[in-house]
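1. I'll drop the sequence and a predicted model, then ask my questions.
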Amino acid sequence: MTMLRLLTLALALALLAPAARADEVDYLVLVPSALHQAVEPLAAHRAAEGLSVRVVEVEAVPGRDRRAALREVVRQARPRFLLIAADARAVPHFDVAETATDRPYGDLDDDGLPEVSVGRLPARDAGALSRMVARTVAYEAERAAGAWQRQCALVAGEGRFGPAVDALIEDMFQRVVARTIPPRFDVDLTYANPTSPYCFPFEGFSRRVVGRVNEGALVVAYVGHGNERSVDSLTVKDASGREVDYPVLDASHVPAIATQAPPVMVAIACWTGRYEAATPCIGEELLATGRGPVAFFGSSRISHPVPNALLGISLVGALFDDAGDDRLGPRLDRARRELVAPRSKDEDPLRAEVLLLSSAFMPREELRRELPRHVDMYNLLGDPALRLARPAPLAVEATVDGEVVTVRGQAPAGARSVTVTLEGPRGRPTRPAPAGETPLERYARANDRVLATSLVGVGPDGRFAATLRAPSGAAGAHVVKALATSERGAGAGAAEVTLGEPGAARRR
């Protein structure tokens, strides 16, 4: 083909291809002029990783209706991510079906679902925004690899719907955790129910929750009741029969939270994300210090147990599976979309069970009305482009010969050692209760599933091997896990094994 024909073909293809508009960007920031300088380090960080960035000062956008004018800016730019770097006084929220929401800013086709991932750093002054920005940048640029990257810390409040219903909710909760969080992740539970083995001693319950956040985790999730300034309290009777409330977590505990491995915090509860109120909600308080969670996902209004349960199931999959990239906003959007538009035509068994149980006390028409409201009332306080510190998948295989479990795998580049563990299944005690066990010992035993552990070196080709001995009498389904860390990050993998039945395990 002659050069002339090549040029002609290239020109024709260029004319046929849709032109990229100059105002289209990957990462759009809406910020008041007074806070512009405070958000610049985050804008520069996103540009340095290859995103096209545009920062718009809200005062420079013409129009009497600020919401409509700013929404038009987003529609013209069509970004992947929209960061609102201000509180609701400076960049107003939308009121949709009596909920406070930022969803319409990212809804480009008016279908009630976000096409643009939206997040808000709800800063009321430049100092608060600077702290949130610094926290976000440090989370990605300075974080130290470690076991915290595969940890999910769950905190649950009492249902208080009656003993039978509460037991049903607890059973469903444990099955969601056991069946949907991949086994390569560690899960621990702190449950504000005096009858549960996962209940920490009452007097120190809030201290334990604060301590667990400070220990660090990939995700800290609270499920239960809540309000603008706190999550629930643990209610017990003292020796005289008088009811005493022990707080789980409230705004007064926020100054004590300081972690070097900040989690993403999710609160499946009422009111904890009411970011448009005159007084900061607990979600805002947690972010404003710059020492707590790196992001907060919570509800701006009263939420309903059934949509909350469905959202929780979707969130588990969205945050912990390996599909897609590791950006937080798109993963949360996926969970919210699945509330009203499940991805698969085949109903998820857990979702189907929730819907079946809910039919006894929530009419289907009410559920159809509430699901879109829950898409709106749950908002992200944080950067939607945040790259989650998820560990890279690590290939693991295991074989069983009597009480000996042999584990082999491939570690990520740069890893020098691997920690390998044999663990019991989630939701089931791995050891019997000793006589005279204290509540603190019971709590520790309920969360301890490790039966054997080994630290092994990594060969020049990245391969490793470990031998673990199962406790005498251990039988049935178990899991082996491997964790490798290096300066480049962490890798985690797992394989299911059946003790007492020799053979290769399934990789997970």
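-> Here it is on my side, so go on.

2. which residue is nearest the centroid of the chain?
-> The centroid of the chain falls nearest to residue 219 when counting by CA atoms, centre = their mean (4.8 Å).

3. so that residue bridges to which residues?
-> residue 152, residue 264 (DSSP bridges).

4. quick one: it and residue 152 touch, right?
-> Yes: Residue 219 lies in contact with residue 152 (CB atoms under 8 Å); the separation is 4.9 Å. C-beta coordinates here come from the backbone N, C-alpha and C atoms, glycine included.

5. overlap in contacts, the two.
-> Shared contacts of residue 219 and residue 152 (CB atoms under 8 Å, 6 or more residues apart in numbering): residue 320.

6. before we move on, back to that, against residue 289, how distant is the residue nearest to the centre of the chain?
-> Residue 219 sits 19 Å away from residue 289, going by CB to CB, to the nearest Å.

7. which stretches in the stretch 151-300 of the chain count as strands?
-> Using DSSP state E, counting those that start in this stretch, the strands of the stretch 151-300 of the chain run over 151-156, 186-191, 219-223, 226-227, 230-231, 233-237, 243-247, 264-268, 295-299.

8. what about the stretch 251-400 of the chain, any weak spots by pLDDT?
-> In the predicted model of the stretch 251-400 of the chain, residues 343-347 satisfy pLDDT under 70.

9. please, where are all the helices along it?
-> Assigned by DSSP state H, counting those that start in this stretch, the helices in the stretch 251-400 of the chain fall at 282-288, 305-320, 328-340, 349-358, 364-377.

10. next, the buried residues of stretch 94-106.
-> 94, 96, 99-106 (16 or more other CB atoms under 10 Å).

11. repeat that for stretch 133-145.
-> 133, 135-137, 139-140, 143, 145.

12. Throw these into CSV and include distance to residue 340, thanks.
-> CSV is the format used below for those (distance: CB to CB, whole Å):
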residue, distance to residue 340
133, 33
135, 32
136, 30
137, 34
139, 31
140, 31
143, 34
145, 37
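
13. in helices, which of these fall?
-> Those of those mapping onto helices are 133, 135-137, 139-140, per DSSP state H.

14. okay, those residues in a markdown table with distance to residue 312 next?
-> Formatted as a markdown table, these follow (distance: CB to CB, whole Å):
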| residue | distance to residue 312 |
| --- | --- |
| 133 | 30 |
| 135 | 26 |
| 136 | 25 |
| 137 | 30 |
| 139 | 24 |
| 140 | 26 |
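
15. for residue 475, state which of those is nearest.
-> Lowest distance from residue 475 to these (CB to CB) belongs to residue 139, with 42.1 Å.

16. single out the most deeply packed of the strands of the stretch 151-300 of the chain.
-> Of all these, strand 295-299 carries the top mean neighbour count, a mean of 28, counting by mean count of other CB atoms under 10 Å.

17. in its sheet, what does it sit against?
-> Here strand 295-299 has these sheet partners by DSSP bridges: strand 264-268 (parallel), strand 378-381 (antiparallel).

18. which one of the ones you listed lies closest to residue 83?
-> For residue 83, the closest of the strands paired with strand 295-299 is strand 378-381, at 10.0 Å, according to CB to CB.

19. any idea how far residue 95 is from residue 429?
-> Residue 429 is 48 Å from residue 95, where distance means CB to CB.

20. correction: residue 196
-> Distance, residue 196 to residue 95, by CB to CB: 39 Å.

21. switch the strands of the stretch 151-300 of the chain over to a markdown table; also include distance to residue 48.
-> Shown next, in a markdown table, are the strands of the stretch 151-300 of the chain (distance: least, CB to CB, whole Å):
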| stretch | distance to residue 48 |
| --- | --- |
| strand 151-156 | 29 |
| strand 186-191 | 32 |
| strand 219-223 | 26 |
| strand 226-227 | 37 |
| strand 230-231 | 37 |
| strand 233-237 | 45 |
| strand 243-247 | 42 |
| strand 264-268 | 22 |
| strand 295-299 | 20 |
